[in-house]
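Student: 3D, please:
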Amino acid sequence: QKLLARIYLHQEEYQLASNVLEELLARAPRDISVRMLLASSYAIAGKDEDAVSNSLAIIKSKSDYSAQPYLIISFMRPQAMPDGAKKVLDGIVNNAGADSGERYKAAFALAKIEEVQGNMQAAFEYYQKGHAADRSGRPFDIKRELGELQKLRDLVSAPRQTAMLSAGAEDPAGPKPIFVVGMPRSGTTLTERILGAHPDVHAAGEIGDLAKAVTDVVGPGQISEQAARIDAKAAARIRKQYLDALAAYAPDKQFVTNKTPANYLRIEMIRRVFPDAPIIHTHRHPLATCLSIYTTPFAMPMRYSDDLGEFAQYYRGYVDLMNACFETDQNGQIYDLSYEDLVSDPEAVARDYLAHCGLDWRPECLEFYRAGKAAATASMIQVRRPINQDSVQKWQRFEPYIGPLAALADDPDIRQWRAAVKSSRRAVAA
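Tutor: Residues are numbered from 1 along each chain as shown. Just a heads-up that it's a prediction; the model follows:
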């Protein structure tokens, strides 16, 4: 049954997972591993009280069982952190023999404790220790990653050797795709939630169906290698498989969104397979994006962010890739969405990008937070509230400590890129 609960969690069926785990815990109330899974399930589902109370129960039962309950409390209700937490967490962080993932979580919990108390330098030092722990357990080759970004840029910019797939001629009945892409923590979740509140849209979240369809048709490999193999015949097969997958989510909807942020790496793939699909690219101030990534305890940390210098290099590579995508966007397929614009004037901006997707305006789109849908992303707390500007300038608290990242804010290429590039594509639904 524990395995079944994990499957439900993977499928984002949090209520089903909680039901299974609650039954298990009722039969074995002293099984800490079950309670830990249950606390994590509650945290993802936004049930703060249940997540924190179960985390406190774990700590009371065995204070050094895991850093996870402390991490949940630190980010959901830091004022409930029990006495002695810092000593336990410091013990985990400084234990070279401890699992790197545990040291990462412990360091981030300590960082959040210091941040809440206003000790920003101490907090940043703990965030650095967390990233050092992650890097020790998961090596990263920045040269390889930058090389892949360059290959993708070359592919985007190269003259097309094969005819683009004719859109929609033989599509099966069912929903069409909308892609929301961008760096993590750039506003992809908020953007999708607004779309998902429209009655013609199902918000599927971070789904892997596109990557799976591509691999099934052209085989495994780096994204640049896979994209280069997509000719018209392969594109038609990928298109059919992906559309069939979307129909399984919501067969009666007009659109199904895919908000996997890293699909910015797959824009050339999307163009070849879905030249008619709207792509929304979200971005924020570069330091807001980077600091949010750096200080967020992802379930699977972004390895390029572990070293601040490498992080700056990767971000520049990402901007260069997106510049190439915009420069070659002859059909106006990409809509560039500024997070700052969205939170300062939500209705005007949301109307604009819904029109880009061929959707009429519905006032309920700005009441997405009433739907109560869980968000299995690092934005799970923000998207349960109305749109606000609380996070717009948070990065400034850490600016004195960010070293090579600081130069991103003054980079002339990035400053120019930050100006919104509005798409010319407007297909308002009839």
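Student: Do a quick rundown of the helices in the stretch 51-200 of the chain.
Tutor: 68-76, 85-93, 100-116, 120-137, 142-157, 188-196 (DSSP state H, counting those that start in this stretch).
Student: what helices or strands is the last one leaning on?
Tutor: Contacts defined by 3 or more C-beta pairs under 8 Å, 6 or more residues apart in numbering; DSSP states H and E place helix 188-196 against strand 176-182, strand 201-203, strand 255-258, strand 279-283, helix 339-344, helix 346-356. Where you see a C-beta, it was placed from the backbone N, CA and C, and this is true even at glycine.
Student: run the last query once more with 10 Å
Tutor: strand 176-182, strand 201-203, strand 255-258, strand 279-283, strand 334-338, helix 339-344, helix 346-356 (3 or more C-beta pairs under 10 Å, 6 or more residues apart in numbering; DSSP states H and E).
Student: Also the second one?
Tutor: If you count contacts as 3+ C-beta pairs under 10 Å, 6+ apart, helix 85-93 packs onto helix 68-76, helix 100-116, helix 120-137.
Student: In the first one, which residues are buried?
Tutor: The one in question is helix 68-76. By 16 or more other C-beta atoms under 10 Å, the buried positions in helix 68-76 come out as Q68, P69, Y70, L71, I72, I73, S74, F75, M76.
Student: Columns pLDDT and distance to K60 on top of the residues you listed, output as JSON lines?
Tutor: JSON lines is the format used below for the buried residues of helix 68-76 (pLDDT from 0 to 100; distance: C-beta to C-beta, whole Å):
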{"residue": "Q68", "pLDDT": "96", "distance to K60": "15"}
{"residue": "P69", "pLDDT": "97", "distance to K60": "10"}
{"residue": "Y70", "pLDDT": "97", "distance to K60": "12"}
{"residue": "L71", "pLDDT": "96", "distance to K60": "17"}
{"residue": "I72", "pLDDT": "96", "distance to K60": "14"}
{"residue": "I73", "pLDDT": "96", "distance to K60": "12"}
{"residue": "S74", "pLDDT": "95", "distance to K60": "17"}
{"residue": "F75", "pLDDT": "92", "distance to K60": "20"}
{"residue": "M76", "pLDDT": "94", "distance to K60": "17"}
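Student: need those in CSV with distance to K151, can you?
Tutor: Supplementary listing: the buried residues of helix 68-76 in CSV, determined by distance: C-beta to C-beta, whole Å:
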residue, distance to K151
Q68, 38
P69, 43
Y70, 41
L71, 37
I72, 40
I73, 43
S74, 40
F75, 37
M76, 41
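Student: related to what we said a few turns ago, out of the helices and strands packed on helix 188-196, nearest to C365?
Tutor: helix 346-356 (5.8 Å; C-beta to C-beta).
Student: Check the offset of the closest one from the chain's centre.
Tutor: Averaging C-alpha positions (C-alpha atoms, centre = their mean, to the nearest Å) puts helix 346-356 21 Å from its chain's average.
Student: Pull out the buried residues from the helix or strand encompassing N323.
Tutor: In this assignment (DSSP states H and E), N323 forms part of helix 308-327. Across helix 308-327, burial judged by 16+ other C-beta under 10 Å covers 308, 310-326.
Student: Return the set of buried residues in the host helix or strand of R271.
Tutor: For R271, the element it lies in under DSSP H and E is helix 267-273. With burial defined by 16+ other C-beta under 10 Å, the residues of helix 267-273 counted as buried are I267, E268, M269, I270, R271, R272, V273.
Student: Output the contacting helices and strands for it.
Tutor: helix 142-157, strand 176-182, helix 209-218, helix 223-228, helix 232-249, strand 279-283, helix 308-327, strand 334-338.
Student: And the first one, what does it pack against?
Tutor: If I follow you right, that is helix 142-157. Using 3+ C-beta pairs under 10 Å, 6+ apart, helix 142-157 is in contact with helix 223-228, helix 267-273, helix 308-327.
Student: ditto for the fifth one
Tutor: Under the contact definition 3+ C-beta pairs under 10 Å, 6+ apart, helix 232-249 sits against strand 176-182, strand 201-203, helix 209-218, strand 255-258, helix 267-273.
Student: The first one pairs with which strands, and in what direction?
Tutor: Read it as strand 176-182. According to DSSP bridges, strand 176-182 forms sheet pairs with strand 255-258 (parallel), strand 279-283 (parallel).
Student: Surely L337 and D352 touch.
Tutor: Yes: contact status for L337 versus D352: in contact at 8.6 Å, counting by C-beta atoms under 10 Å.
Student: ok, the two, which is more surrounded?
Tutor: Each of L337 and D352 has its neighbours counted (other C-beta atoms under 10 Å); L337 has more, 28 against 19.
Student: show me what contacts the more buried one?
Tutor: 180, 182, 186-188, 190-191, 280-284, 349-350, 352-353, 356, 420-423 (C-beta atoms under 10 Å, 6 or more residues apart in numbering).
Student: Quick check: PyMOL command selecting the buried ones in these.
Tutor: In PyMOL, this line selects whichever of the contacts of L337 come out buried by 16+ other C-beta under 10 Å:
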select buried, resi 180+182+186+187+188+190+191+280+281+282+283+284+349+350+352+353+356+421+423
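Student: residues contacting the closest residue to A133 other than its chain neighbours?
Tutor: Spatial nearest neighbour of A133, chain neighbours left out: R103 (3.7 Å); criterion: C-beta to C-beta, 6 or more residues apart in numbering. Applying C-beta under 10 Å, 6+ apart to R103 gives the contacts 67, 89, 92-97, 129-130, 132-134, 136-137.
Student: Same question for T295.
Tutor: Neighbour list for T295: 108, 111-112, 115, 123-124, 126-127, 130-131, 185, 305, 378, 394-395, 397-398 [criterion: C-beta under 10 Å, 6+ apart].
Student: Roughly how far does it sit from P404?
Tutor: 16 Å (C-beta to C-beta, to the nearest Å).
Student: and what of R160?
Tutor: With C-beta to C-beta as the criterion, R160 and P404 are 37 Å apart.
Student: Same check on P261?
Tutor: Applying C-beta to C-beta to P261 and P404 gives a distance of 23 Å.
Student: Among the two, which residue is more densely surrounded?
Tutor: Legend: neighbour count by other C-beta under 10 Å for P261 and P404, higher for P261 (20 against 13).
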